Each structure stands twice: as C-alpha cells, then as structure tokens.
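> fold the stuff below for me.
(2 chains)
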Amino acid sequence: MRTTRVTIEIPNETFSSFRKIIGEKKVDIVITNLIETKIKKFKQESFMAKARKIAKEVDKQNISITNKTLISSYKNARP
Amino acid sequence: MLVHKILVDTSFVAKLIGLGGEKEQKKCQNYIIGSVLIAPKLLHYEIGNVFLKYPALDVNLLFEAFENLAIEWHDIKNDRIIFDIARKYKLTFYDAIYFGLLIMHEEIMTFLTYDTDFVKITDPRIKILH
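Here you go, the predicted structure:
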C-alpha cells in the first residue's frame, strides 16, 4: 500500500478541516485510529478545560439562562 | 468501526460550552461521549449571536471553548430540498437546514437539541432535551 507522510499542526487545524485537506490532496494516506483518537482527545481536552471555566462562571455569577432565552437569543437574531 | 455520529444544534452546543451551568453541561457531555459531532456551518453565526447576549462572560474564553470543540462542519448545497422541508414541516429555513442534514446523512444516529420547534417532526433520531 502506498502511503504519504503528512505533518499536521494540530492547534491550527480543526478535525474537520484536517479531513478536508486529505480529501483535496487526493493522496493515499493511512490514518490510523490512534492518530484520529489523539487529535480528537487533544481537541476534546482543550475544549473541556475552557468549557468548565465558563460553566463555573455562569454558576458563580448566577446567570440565568433558560431554554427560552437561549433559543430566542439566536433565533430572534436571524435575518 | 462504527462511529456514533450526532447532529447538534446551537442550543445544545451553548449548553455544552457551559452556558447553562455545570449541571447542564455535564448532562450534555454524557450524551456525546465517544461520538463524532456534526453541525451545519450556520451554527457559527448562531453561536456568535448567543455570545452577544452574555456580556458578563469572558468573550475570549467563549470563543476559545467553541473553537476547540471537535465538530465536523457540513454545508448544505441543495437549497430546494431545504425549502421543501421548511414548507412541509412549517419550520424556518434555518431550522430546516438541521433537519435537512439529518435526512441527507443516514449515518447520523441522533440529533440533540433543546429546541421544541422540532417536536413538529416525527423522527426517532431527534432527541429534544429539557
């Protein structure tokens, strides 16, 4: 099987655009499940740490976000 | 390997990010463990509008959390299908984009949302959270 080695700068590429690049270059690349897992794990951990901070701040400031106010905040803004 | 793909909308992503507090966030996280998240690019604009409504929160942190969330972004190109969906189910064109994605991608197993407008649609893959 022909394989092409690629270097991926993970912090600058989202997981989806990483897939897009592979699709555009049309090269035979073997992506192991391990690599995919590592990328997802990296993104997930980075996301989790920041998301936890936001959730704590919302609780601390006692910001009330009901489903109704949340949904209307973007639906009412639609053109 | 069968990957569990989940379609998410803005209401779900906002709570996943933490806009709803820790308890709600944990509930959202439990739904997506080990899954691949899918969303239309429209969600970028919608989440931006959500952030505008909460000036007391650190906007940099909000965007960083959103940008670090691993989502597979999809574009909808067949506007006519979306139009037909919107008309048939009496949805806005924007909401119809989410349902259009669900129809066009049979591999999506679940659509997670807090939006009760989707109650109009009978599809076992749609899960409306409360």
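> would you mark the buried spots in stretch B:24-43?
B:Glu24, B:Gln25, B:Cys28, B:Ile32, B:Val36, B:Leu37, B:Ile38, B:Ala39, B:Pro40, B:Leu42, B:Leu43 (16 or more other C-beta atoms under 10 Å in any protein chain shown). (Each C-beta comes from the backbone N, C-alpha and C, glycine too.)
> as JSON lines, these with distance to chain A and secondary structure would be great.
Shown next, in JSON lines, are the buried residues of stretch B:24-43 (distance: C-beta to the nearest C-beta, whole Å; DSSP: H, G, I helix; E, B strand; the rest coil):
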{"residue": "B:Glu24", "distance to chain A": "8", "secondary structure": "helix"}
{"residue": "B:Gln25", "distance to chain A": "4", "secondary structure": "helix"}
{"residue": "B:Cys28", "distance to chain A": "9", "secondary structure": "helix"}
{"residue": "B:Ile32", "distance to chain A": "10", "secondary structure": "helix"}
{"residue": "B:Val36", "distance to chain A": "8", "secondary structure": "strand"}
{"residue": "B:Leu37", "distance to chain A": "9", "secondary structure": "strand"}
{"residue": "B:Ile38", "distance to chain A": "9", "secondary structure": "strand"}
{"residue": "B:Ala39", "distance to chain A": "10", "secondary structure": "strand"}
{"residue": "B:Pro40", "distance to chain A": "12", "secondary structure": "strand"}
{"residue": "B:Leu42", "distance to chain A": "9", "secondary structure": "helix"}
{"residue": "B:Leu43", "distance to chain A": "9", "secondary structure": "helix"}
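> including distance to B:Val50 and pLDDT, could the residues you listed go into JSON lines?
Formatted as JSON lines, these follow (distance: C-beta to C-beta, whole Å; pLDDT from 0 to 100):
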{"residue": "B:Glu24", "distance to B:Val50": "14", "pLDDT": "94"}
{"residue": "B:Gln25", "distance to B:Val50": "15", "pLDDT": "94"}
{"residue": "B:Cys28", "distance to B:Val50": "14", "pLDDT": "95"}
{"residue": "B:Ile32", "distance to B:Val50": "18", "pLDDT": "90"}
{"residue": "B:Val36", "distance to B:Val50": "23", "pLDDT": "86"}
{"residue": "B:Leu37", "distance to B:Val50": "17", "pLDDT": "92"}
{"residue": "B:Ile38", "distance to B:Val50": "19", "pLDDT": "93"}
{"residue": "B:Ala39", "distance to B:Val50": "14", "pLDDT": "96"}
{"residue": "B:Pro40", "distance to B:Val50": "16", "pLDDT": "95"}
{"residue": "B:Leu42", "distance to B:Val50": "13", "pLDDT": "94"}
{"residue": "B:Leu43", "distance to B:Val50": "10", "pLDDT": "96"}
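> contacts only, for B:Ile32.
B:Ile6, B:Val8, B:Leu16, B:Leu112 (C-beta atoms under 8 Å, 6 or more residues apart in numbering or on different chains).
> which of the residues you listed are buried, as a PyMOL select command?
In PyMOL syntax, the buried subset of the contacts of B:Ile32 is picked out as below (16+ other C-beta under 10 Å):
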select buried, chain B and resi 6+8+16+112
